[in-house]
Structure formats: C-alpha cells, structure tokens
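**Q** I'd like to go over a predicted model; first the sequence, then the structure.
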Amino acid sequence: MLDILMAGGWAMLPILVCSLVALAIVLERCWTLRRKAVLPPGLGEEVRQWARAGQLDPNHLQALSNGSPLGELLAAALAVRGQSRDIIKERIEDTGRHVVHEMERYLNTLGTIALIGPLLGLFGTVIGLIRMFMQVMAGGIGDPAKMAGGIGEALICTASGLTVAIPAYVLHRYFRSRVAGYCVQMEKQATALLDELTLTAPTAAPARARRAAAVPATPGAG
C-alpha cells in the first residue's frame with residue numbers, strides 16, 4: 001500500500017492531508033452529534049415540570065444551558081419567561097441559530113474536501129501525464145517502463161482523489177441531514193415550552209379567580 005502511495009508522486013501529499021482532516025472531522029462529528037448528547041431523553045418534559053414548579057434559579061438554568069444543545073435552547077426561553085410570547089419566541093430563534101451553527105461546525109470543511117478531492121486527483125493526473133511526455137520527449141518511446149510510470153502516477157492520483165471525495169461527500173450529506181432532523185425535534189420541544197410559559201400560566205390565574213369568586217362568603221364574616 002505504501003509503495004502504491006509513493007508511486008503517486010508528490011501530488012499525493014495534499015490528498016493524504018485532506019483524507020486525515022476528513023477522518024478527524026467525521027470522528028469528531030460522530031461523537032458530538034450523538035442523539036443522547038443533542039436531545040437527552042425526557043429533557044423537554046423535565047424542563048416543563050421545572051417551569052410549573054418554579055425550579056428556575058440561575059444556577060439551574062446555567063447547568064441546563066451547558067448540558068446539551070436542546071438544554072441551551074430551552075434555557076434561553078426560560079431566561080426571559082416573564083416577557084411576552086413574541087419576545088420569548090425571538091430569543092428562541094436567536095439562540096437556535098447559534099445552536100445550529102455549533103452543530104454544523106466543520107461540515108463546510110468536510111464539504112470542501114469532498115469538492116476538491118477529485119480536483120486534486122485530476123491535478124495529480126495532469127502532473128503524471130506531463131512527466132510521462134517529458135520523458136518521452138527526452139528518450140523517445142523506446143522504453144515502455146518510463147511511460148508506464150507516468151501513467152501509473154496519473155491513475156493512482158485519480159483513484160486516491162475519488163477515494164477521499166466520495167466518502168466525504170456522503171458523510172457531509174449524512175451529517176447535514178442529521179442536524180436538520182435534530183432541528184425539527186428541538187423546535188417541537190421549544191414550542192411546547194413556549195406554550196407552557198405563555199398559555200398555561202395566563203389561563204391559570206383567571207381560573208383561580210373564578211374559583212375564589214364562586215366560594216360563598218362565610219356567615220358572620222366582616
């Protein structure tokens with residue numbers, strides 16, 4: 001294998017660098033974008049229970065924000081829970097853009113590698129063909145080994161570039177799809193919390209007032 005890579009010439013160096021960078025990004029994103037790390041099971045319902053019970057001290061919110069992307073989104077809504085629905089919704093949207101940006105970290109780099117991989121392979125192919133023709137011009141076509149060396153270098157670079165680009169492109173699309181799915185789930189949880197903060201609480205006070213008004217006055221009071 002090493003002999004094949006060395007036969008590809010110096011044009012193999014950027015292809016190898018791209019392959020190492022792509023591998024590091026894939027491993028890092030696989031670990032970071034685990035479902036339980038992004039959307040901890042039961043966190044949405046637990047946070048809504050906190051909101052009902054009033055367990056929303058600053059330390060609690062800070063721990064929630066640092067725990068996961070979903071927690072960061074929900075903590076942002078809870079931080080302005082006393083405001084109007086529009087303000088809370090705006091805060092969720094602003095925080096959501098930052099959360100999505102963090103989840104898509106390095107994916108542009110992975111997409112760039114998928115794009116330039118074939119170009120680097122083509123560049124190595126051109127270098128190999130130029131080298132072959134220069135050798136033919138210097139010594140004629142009497143030595144087939146010289147021509148074979150240039151053709152081999154060209155083919156190895158082409159194959160290496162495609163070998164790096166194809167998995168990088170597939171994984172880039174996979175991670176983007178995973179992030180999009182997470183965004184839908186986080187939006188559902190954020191909407192449920194928004195309803196809990198702006199719909200449940202306002203309707204509870206009139207209901208309590210009506211119940212209090214329905215209680216008959218105690219005889220002899222006043």
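**A** Done, it's in.
**Q** CA only for contacts and neighbour counts going forward, please
**A** Fine.
**Q** which helices and strands does the helix or strand harbouring Glu102 pack with?
**A** For Glu102, the host element (DSSP states H and E) is helix 85-103. Under the contact criterion of 3 or more CA pairs under 8 Å, 6 or more residues apart in numbering; DSSP states H and E, helix 85-103 touches helix 69-79, helix 144-195.
**Q** and the contacts of it?
**A** The contact list for helix 85-103 (CA atoms under 8 Å, 6 or more residues apart in numbering) reads 32-33, 69, 72-74, 76-77, 80-81, 179, 183, 190, 194, 198.
**Q** ok, and the most crowded of those?
**A** Using other CA atoms under 10 Å as the neighbour test, these are led by Leu74, with 28 neighbours.
**Q** I'd assumed Thr191 was in contact with it.
**A** No. Taking contacts as CA atoms under 8 Å, Leu74 lies outside contact range of Thr191: 9.7 Å.
**Q** what is the burial count for Pro14?
**A** 15.
**Q** for it, which non-adjacent residue is closest in space?
**A** Closest residue in space to Pro14, ignoring its immediate chain neighbours: Leu120 at 7.4 Å, by CA to CA, 6 or more residues apart in numbering.
**Q** for the one you found, give me its contacts.
**A** 11, 14-15, 157-158, 161.
**Q** return the set of buried residues in the helix or strand containing Val126.
**A** According to DSSP H and E, Val126 maps onto helix 107-139. Buried residues in helix 107-139, counting neighbours by 16 or more other CA atoms under 10 Å, are found at 107, 109-129, 131-133, 135-136.
**Q** pLDDT weak spots in this protein?
**A** Where the chain drops to pLDDT under 70, the residues are 1-9, 138-150, 200-222.
**Q** can you do 90?
**A** In the predicted model, the chain carries pLDDT under 90 at residues 1-14, 46, 48-64, 79-85, 121-160, 195-222.
**Q** next one: Pro69 from Thr109, what distance?
**A** 21 Å (CA to CA, to the nearest Å).
**Q** right, I'll call it a day here.
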